[in-house]
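Asks: Structure here, sequence nowhere to be found:
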């Protein structure tokens, strides 16, 4: 089940152009990241897969450029609010560390840990 997300405080400007988010936790998933507005922002599915709702690869400069490029289709109050959040600290490094740990753990276990046949 998916729904249009509210503005996120963890990644305040990354959900501006998103249209979907997980609203019901899948049976096999474990929550590994969340915010007040997106309780399933990052999920792990055992040691097989991870998923994230925000875009940690987006820099503040990229988002500023994207907002400015789309000003003609954005309500002015949304663009103004989004631009005002660009000075907040990003969690990209922390998220990248989580990705790295996930892949290193599974790499050390070998293909069998991911369900591959030897």
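Replies: Happy to help now that I have it. Please read these numbers as outputs of a predicted model, since none were measured by experiment. Numbering: from 1, shown residues only.
Asks: all contacts plus neighbour counts: C-alpha atoms, from now on.
Replies: Will do.
Asks: can you tell me the average pLDDT over stretch 47-66?
Replies: Along stretch 47-66, the predicted confidence averages to a pLDDT of 85.
Asks: Tell me where the protein has strands.
Replies: Counting by DSSP state E, the segments of the chain that form strands are 30-33, 42-45, 49-52.
Asks: could you dump these to a markdown table with distance to residue 61 and mean neighbour count?
Replies: As requested, the strands of the chain are exported to a markdown table (distance: least, CA to CA, whole Å; neighbours: other CA atoms under 10 Å):
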| stretch | distance to residue 61 | mean neighbour count |
| --- | --- | --- |
| strand 30-33 | 24 | 16 |
| strand 42-45 | 24 | 18 |
| strand 49-52 | 21 | 16 |
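Asks: Next, format these as a markdown table and append distance to residue 73.
Replies: Putting the strands of the chain into a markdown table (distance: least, CA to CA, whole Å) gives the following:
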| stretch | distance to residue 73 |
| --- | --- |
| strand 30-33 | 31 |
| strand 42-45 | 29 |
| strand 49-52 | 26 |
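Asks: Which pLDDT does the model give residue 12?
Replies: Per-residue confidence for residue 12 comes out at a pLDDT of 50.
Asks: Also residue 5?
Replies: Reading off the per-residue confidence, residue 5 sits at a pLDDT of 46.
Asks: ok, now the one 4 residues further on?
Replies: pLDDT, residue 9: 50.
Asks: Let me see the ranges of the helices in the protein.
Replies: With DSSP state H, the ranges of helices along the chain come out as 60-69, 76-84, 92-109.
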